[in-house]
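Asker: Show me the folded form of this:
(chains A and B)
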Amino acid sequence: MKRRVSTLLAGLLALMAAASVVTASAAQAQALDRILKDKKVRITAEVTSPPFGFIGADGQPDGLEIAAARQIAKDLGVDLDLVQVPATGRIPALLAGRADIAISSLSITLDRAKTIAFADPHGALTIVITAPADVSIKSIADLAGKKIGITRATLEEATVPKLAPSGTQFAYFNDIDATIQALLSGQVDAAGMSGFAAKSIADRNPGKHLESKFTVTTAYYAAAVKPGDWDLLRWLDTWVFIHRQDGFLAGIYKKYTGLDLPDLPSF
Amino acid sequence: MAYTFQFGVVADNFPALLQGAAETVELSAAAMAGGLAVGVLGALARNVGPRPAAIAVRAYVEIIRNTPFLVQLFIVYFSLPAIGLRLSANGAAVLGMALYAGAYITEILRGGIGAVPRGEVEAARALGLTKLQVFGLVVLPQALRIAYPALSSQFILLMLASSVVSTISAEELTAVTNTLQSTTFRAFEFYFAATALYLLMALGFRAVLDGIRRLAFGRAVT
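Answerer: Model (predicted):
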């Protein structure tokens, strides 16, 4: 018994040591200088939510946000290191120092802004409720009594459950693939997701007669950095300003979504 | 920028974490019972069943033990609705975990059965017991006793593997932790808390399983 207690204590000590390493490693050089010196920028890549990020036919990450990440590295004049993360791993990867910039369709929210620092938005998306044609949903009130699939750590998770009437059931999945599978297999009656994702699923599964029932909200997404990396943040704001003017952002938005880029506000 | 730990938010959400832990205990206990039942039936079919049954059990054990648990779970949850069997997330989780554990338990029991002295089986047969009686009254009780340590660590592993069922929206501890960290963005704090809870649950399960061992087999056996 005594030995077991000491083993436990050793485990706890190891945990605390790990925690203090997280704290210590944060005191480092200015982010932008470090990136330029290392000739490498580490940017998150979430490859399970088309059109923002997906694995292309050549097996390489591709998509709207991947194109933005490539352009950032090109404009910085450094190599790009794509850090592949699931949707739930975007902010932890940034905070743990595994990535310099998170740029995986991160919608700007006040809650998120408490732990990470957002640059100016470089795109916008809508959140819709999508379901087969024979499911009768016209407005948010009709969600009562239905089972709605939602992906964790997304804007739909932050908005739909708050707006839905009581009596709505939710099933939470770790990535959009699982949410889509749940919708296609009938495990959920409807699902909340971006308008692009809903359109692309409906196009690829014509037999399911999926349709977007209504728009829950419109949101702007932006790149984000760790709080304190203000030099890098300023550079990203400048990057957005330049590429709003020269049409690059509108160009990739049109290419990957088929839609015109909405007007983007700034902070 | 130093990362500042803020455990206050964990304290605020502690009831939700406990709820998740309770769900983990429930799902695991149900899957352990189911897995043990599957394992005993598997061992029975293998030892006294007809040859096709023994072959079927062997195929089941090989398939389950040589494919990823996550994929098995996806098949139960996402593919069974295609043939008209729509299980709830918790139902699919328990079924998936029981089928998964059942294969390992079948193998563990096979080891235990192999260790029962051959002479006892022959003696029981000589006394006029049927094959089924020999299995149920002579072989299985001894096999369970011999295999108990391996069985109880399999149960703990099953409890830890239950974290995977969060992927099919079962609301157990890992699912609750993921939801909380993704809404509060306090990932480290919540993962530390979940780690501590899993450790406590594993120690708790071990204590309960040790208690069952003492009740069932007495102190002498280790």
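
Asker: tell me the SS of the residue of chain A found nearest chain B?
Answerer: Nearest residue of chain A to chain B: residue A:228, at 2.9 Å (Cβ to the nearest Cβ). Backbone N, C-alpha and C define where each C-beta goes, glycine included. Recorded secondary structure, residue A:228: coil (DSSP: H, G, I helix; E, B strand; the rest coil).

Asker: Same check on the one 3 residues further on?
Answerer: The assignment at residue A:231 comes out as helix when based on three-state DSSP.

Asker: list the contacts for it?
Answerer: Listed by Cβ atoms under 8 Å, 6 or more residues apart in numbering or on different chains, the contact set of residue A:231 reads A:30, A:31, A:32, A:33.

Asker: Identify, from those, the entry nearest to residue B:70.
Answerer: residue A:31 (36.0 Å; Cβ to Cβ).

Asker: Look up the pLDDT of the closest one for me, please.
Answerer: Looking at residue A:31, its pLDDT reads 92.

Asker: Please give the number of neighbouring residues around it.
Answerer: For residue A:31, the count of nearby residues is 21 (other Cβ atoms under 10 Å in any protein chain shown).

Asker: Surely it touches residue A:225?
Answerer: Yes - in this structure residue A:31 lies within contact range of residue A:225 using Cβ atoms under 8 Å: 6.8 Å.

Asker: Common neighbours of these two, please.
Answerer: Contacts common to residue A:31 and residue A:225, judged by Cβ under 8 Å, 6+ apart, are A:100, A:232.

Asker: Roughly how far does the closest residue to residue B:125 other than its chain neighbours sit from residue A:44?
Answerer: Take residue B:125 and drop its neighbours on the chain: the residue closest to it by Cβ to Cβ, 6 or more residues apart in numbering or on different chains is residue B:134, 6.1 Å away. Counting by Cβ to Cβ, to the nearest Å, the gap between residue B:134 and residue A:44 amounts to 62 Å.

Asker: ok, the two, which is more surrounded?
Answerer: With neighbours defined as other Cβ under 10 Å, residue B:134 and residue A:44 compare such that residue A:44 has more, 26 against 20.

Asker: three-state assignment of that one?
Answerer: Following three-state DSSP, residue A:44 is assigned to strand.

Asker: Please list all residues in contact with it.
Answerer: Counting by Cβ under 8 Å, 6+ apart, residue A:44 has contacts A:82-85, A:89-90, A:93-94, A:99, A:101-104.

Asker: before we move on, back to that, what's near enough to touch the residue nearest to residue B:125?
Answerer: Contacts of residue B:134 (Cβ under 8 Å, 6+ apart): B:48, B:121, B:124, B:125.

Asker: Out of the residues you listed, which comes closest to residue A:185?
Answerer: residue B:48 (39.1 Å).

Asker: tally of neighbours for the closest one?
Answerer: Neighbours around residue B:48, by other Cβ under 10 Å: 17.

Asker: Check the burial of the residue lying closest to it once chain neighbours are set aside by counting its neighbours.
Answerer: Take residue B:48 and drop its neighbours on the chain: the residue closest to it by Cβ to Cβ, 6+ apart is residue B:131, 4.7 Å away. Residues within reach of residue B:131, counting by other Cβ under 10 Å, total 14.

Asker: thinking residue A:85 is in contact with residue A:45, fair?
Answerer: Yes - counting by Cβ under 8 Å, residue A:45 is a contact partner of residue A:85 at 7.2 Å.

Asker: Have a look at those two and say which one is more surrounded.
Answerer: Using other Cβ under 10 Å, the more surrounded residue of residue A:85 and residue A:45 is residue A:45, with 25 against 21.

Asker: Name the nearest residue to the more buried one, ignoring sequence neighbours.
Answerer: Residue A:45 sits nearest to residue A:82 (Cβ to Cβ, 6+ apart), 4.0 Å away.

Asker: Reduced to three states, what does the one you found come out as?
Answerer: For residue A:82, the assignment made with three-state DSSP gives strand.

Asker: which residues does it contact?
Answerer: A:43, A:44, A:45, A:61, A:66, A:69.

Asker: run the last query once more with 10 Å
Answerer: Shown in contact with residue A:82 (Cβ atoms under 10 Å, 6 or more residues apart in numbering or on different chains): A:41-47, A:53, A:60-61, A:66, A:69-70, A:73, A:99.

Asker: does it have beta-bridge partners, and which?
Answerer: residue A:43 (DSSP bridges).

Asker: With residue A:190 instead?
Answerer: residue A:148.

Asker: Go ahead and confirm it touches residue A:145.
Answerer: No - using Cβ atoms under 10 Å, residue A:190 makes no contact with residue A:145, being 11.4 Å away.

Asker: These two - which one has more neighbours?
Answerer: residue A:190 (22 against 10).

Asker: Quick check on the residue of chain A closest to chain B: phi, psi?
Answerer: phi 110, psi -20 (degrees, to the nearest 10).

Asker: Please work out how many residues are found near it.
Answerer: Neighbours of residue A:228 (other Cβ under 10 Å): 16.

Asker: is it true that it touches residue A:31?
Answerer: Yes - at 8.1 Å, residue A:228 and residue A:31 qualify as touching, with contact defined as Cβ under 10 Å.

Asker: next one: phi and psi at residue A:164?
Answerer: Main-chain dihedrals, residue A:164, degrees, to the nearest 10: phi -70, psi 150.

Asker: which among the contacts of residue A:231 end up buried?
Answerer: A:31, A:32 (16 or more other Cβ atoms under 10 Å in any protein chain shown).

Asker: Can you tell me which of the contacts of residue A:231 is closest to residue B:168?
Answerer: residue A:31 (38.6 Å).

Asker: chain center to stretch B:179-186: distance?
Answerer: On the basis of Cα atoms, centre = their mean, to the nearest Å, stretch B:179-186 sits 29 Å off its chain's mean C-alpha point.

Asker: wait, does that stretch contact chain A?
Answerer: Yes - on the criterion Cβ under 10 Å from any Cβ of the partner chain, stretch B:179-186 is in touch with chain A at B:179, B:181, B:182, B:183, B:184, B:185, B:186.

Asker: Tell me which of these fall in helices.
Answerer: B:179, B:181, B:182, B:183, B:184 (DSSP state H).

Asker: Enumerate every residue touching the closest residue to the third one other than its chain neighbours.
Answerer: In other words, residue B:182. Once flanking residues are discounted, residue B:182 sits nearest to residue A:153: 3.4 Å by Cβ to Cβ, 6+ apart. Contact analysis of residue A:153 by Cβ under 10 Å, 6+ apart lists A:46, A:86-92, A:106, A:112, A:172, A:174-175, B:178-179, B:181-183, B:185, B:187.

Asker: run the last query once more with 8 Å
Answerer: Residue A:153 touches A:87, A:88, A:90, A:91, B:178, B:182, counting by Cβ under 8 Å, 6+ apart.

Asker: Next, the buried residues of the longest helix along chain B.
Answerer: Taking DSSP H as the criterion, chain B has its longest helix at helix B:14-48. Neighbour-count burial for helix B:14-48, with 16+ other Cβ under 10 Å as criterion, is recorded at B:17, B:20-21, B:23-25, B:27-32, B:34-36, B:38-40, B:42-48.
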